[in-house]
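>>> I need the structure of the sequence given here:
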Amino acid sequence: MLGTKATRVARRTLEDTRHQVIRLIERGLHPEDAAVAVACGRSTVYGWWRAYRAGGLAALRVRKAPGARPKLTPRQQAQLRRWIIGKDPRQLQFEFALWTRDLVRTLIAERFGVEMSAQGVGNLLHRLGLSPQRPLVRAYEQDPERVRRWKAVEFPRIRAAAKAAGAHIFFCDEAGVRTDHHTGTTWGAVGQTPVVRGTGQRRSLNMISAISTRGKLHFAFIDGRTNADSFIAYLKKLLHDIRGPVFVIVDGHSAHTATKTRAFVQAHQRRLSLFFLPPYSPELNPDEWVWKNLKHDRVGRSAARTVDEMMAVIESGVARLQTARELVLGFFRDPDLRYIYPRGVP
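The predicted model follows:
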C-alpha cells in the first residue's frame with residue numbers, strides 16, 4: 001500500500017471528516033484506504049478508529065482549541081476593570097478624560113509591564129464585560145452628597161408635602177434654539193456627502209416648559225430674553241392653566257432666584273411653592289428630556305429655513321407630547337430619574 005501524505009483538516013469540518021472515515025470503515029473499507037479517500041494520515045485514521053471503538057461517536061467530537069495564554073493574570077484583569085469603571089483617566093495622570101484602547105494599552109504597559117496590541121486590548125476589554133459607549137458629561141462642580149440628599153431626603157419630602165396638599169409637582173426649565181441648529185444623519189451615496197438646504201441665518205427662539213410627575217406637559221414661548229419677568233409671566237400662565245396648588249422645581253438660574261421672583265412666589269404662597277435642584281445637576285430634571293425630544297429629535301432634523309417653520313415644528317412636537325402621556329412618563333425611566341418613581345413609573 002502506498003503511503004499517504006497527511007493534510008491539515010479545517011477545524012470546522014474535522015468532526016464531519018471523522019464521521020465519514022468511520023462510515024467508510026464500517027462499510028468494509030480498509031483504514032488505510034479510508035485515509036487515502038479523505039486525504040488524512042494513516043496513523044490519524046487508526047487513532048480515530050480506536051477512539052470510536054472505545055467511546056463511540058462522542059469520542060470523535062472536536063474540542064474547542066485552547067486560546068492563547070492570557071497576558072494578564074486574573075488579579076491584574078480585575079484591577080484593570082476597576083480602574084476603567086471607577087476612575088477618570090486624568091486621575092491616573094493621563095492627559096485625556098476618555099478611555100480608548102491606546103490609553104488602556106499604555107496603562108497596561110506602565111502598570112503591569114505587559115505589551116499588548118490594540119486589537120488584543122479590545123478583545124480583553126470585551127471579555128471584561130466592557131464596551132465603547134458615548135459618555136454622559138457631568139459638571140465637576142457637582143456635589144455628590146447634595147445629589148444623594150436630594151434623591152434620598154429632599155425630594156421625598158416634597159412628594160409627601162404635595163400629596164398632603166393635593167398639589168401638582170412640575171419640573172420646569174428654559175431652553176433656546178437657533179434656526180441653524182442641525183442634528184442627525186441622512187443616507188447618501190458612498191463618498192458623496194449629502195447636502196440639505198437650510199438657512200445660514202441665526203435666528204433664535206426661547207422657550208419654557210414644565211413637566212409634571214403625572215405626565216402632563218405645559219409649554220410656552222418666551223418673548224425676548226429669559227429673565228425674572230419672563231419666568232414670572234410663565235408662572236402666572238401655569239397657575240391659570242393648572243387647578244389647585246402647584247409645586248415647581250427649577251435649577252438655580254438667576255431668573256428663578258431673583259428678588260422679584262421670590263416676591264411673586266411669596267405673594268402666591270397659597271397656591272405656588274418653588275424648590276431648587278442641586279447645583280450643576282440637569283440630569284435630575286426630567287424636563288431636559290422635553291428639550292432633547294424637541295431640539296434634537298425634531299428641530300435639529302427639520303433644517304428649518306425660517307423662524308416660522310421652526311416654530312411650527314416645535315408646536316407640532318409639543319402637541320404630540322401633550323397628547324402622549326405614556327411617552328412623557330417614559331422620560332422618568334431614565335436611570336438618573338428613578339428617584340422620582342423608585343417603585344417604577346405608574
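
>>> contacting residues around residue 175?
By Cβ atoms under 8 Å, 6 or more residues apart in numbering, the contact set of residue 175 is 206-209, 291, 294-295. C-betas here are computed from N, CA, C, even on glycine.

>>> which of those fall within strands?
Per DSSP state E, strands hold the following members of these: 206-209.

>>> farthest pair in the contacts of residue 175?
208 and 295 (13.5 Å; Cβ to Cβ).

>>> who has more neighbours out of those two?
The residue with more neighbours, out of residue 208 and residue 295, is residue 208; 23 against 19, by other Cβ atoms under 10 Å.

>>> so what sits opposite that one in the bridge?
residue 174, residue 220 (DSSP bridges).

>>> and the closest residue in space to residue 45 that isn't next to it in sequence, what pLDDT?
Leaving aside its sequence neighbours, residue 45 sits nearest to residue 35 (Cβ to Cβ, 6 or more residues apart in numbering; 4.2 Å). pLDDT, residue 35: 85.

>>> mind listing what's buried in the helix or strand hosting residue 35?
Using DSSP states H and E, residue 35 sits in helix 31-38. By neighbour count, with 16 or more other Cβ atoms under 10 Å as the criterion, the buried positions of helix 31-38 are 31, 34-36, 38.

>>> what does stretch 47-55 give?
48-49, 51-52.

>>> among these, which one sits closest to residue 157?
Out of the buried residues of stretch 47-55, the member with the shortest distance to residue 157 (by Cβ to Cβ) is residue 51, at 72.9 Å.

>>> okay, and the closest one sits in which element?
Using DSSP H and E, residue 51 sits within helix 42-55.

>>> residue 326 now?
Using DSSP H and E, the element containing residue 326 is helix 325-330.

>>> that helix packs against which elements?
Where contact means 3 or more Cβ pairs under 8 Å, 6 or more residues apart in numbering; DSSP states H and E, helix 325-330 is packed against helix 307-322.

>>> list the contacts of the helix it packs on.
For helix 307-322, using Cβ under 8 Å, 6+ apart, the contacting residues are 177, 179, 203, 205, 207, 209, 216-217, 219, 221, 290, 293-294, 297-299, 302, 304, 327-328.

>>> returning to what we had before: so which of the contacts of residue 175 comes closest to residue 227?
Ranked by distance to residue 227 (Cβ to Cβ), these are led by residue 206 at 10.2 Å.

>>> measure that closest one to residue 105 for me?
Using Cβ to Cβ, to the nearest Å, residue 206 is found at 47 Å from residue 105.

>>> one step back: wait, isn't the residue nearest to residue 45 in contact with residue 47?
No. Judged on Cβ atoms under 8 Å, residue 35 makes no contact with residue 47 at a distance of 10.8 Å.

>>> ok, back up a step: for the helix holding residue 51, name the packing helices and strands.
Helix 42-55 packs on helix 11-26, helix 31-38, going by 3+ Cβ pairs under 8 Å, 6+ apart.

>>> and the longest one, what does it pack onto?
Helices and strands in packing contact with helix 11-26 are listed as helix 31-38, helix 42-55; criterion 3+ Cβ pairs under 8 Å, 6+ apart.
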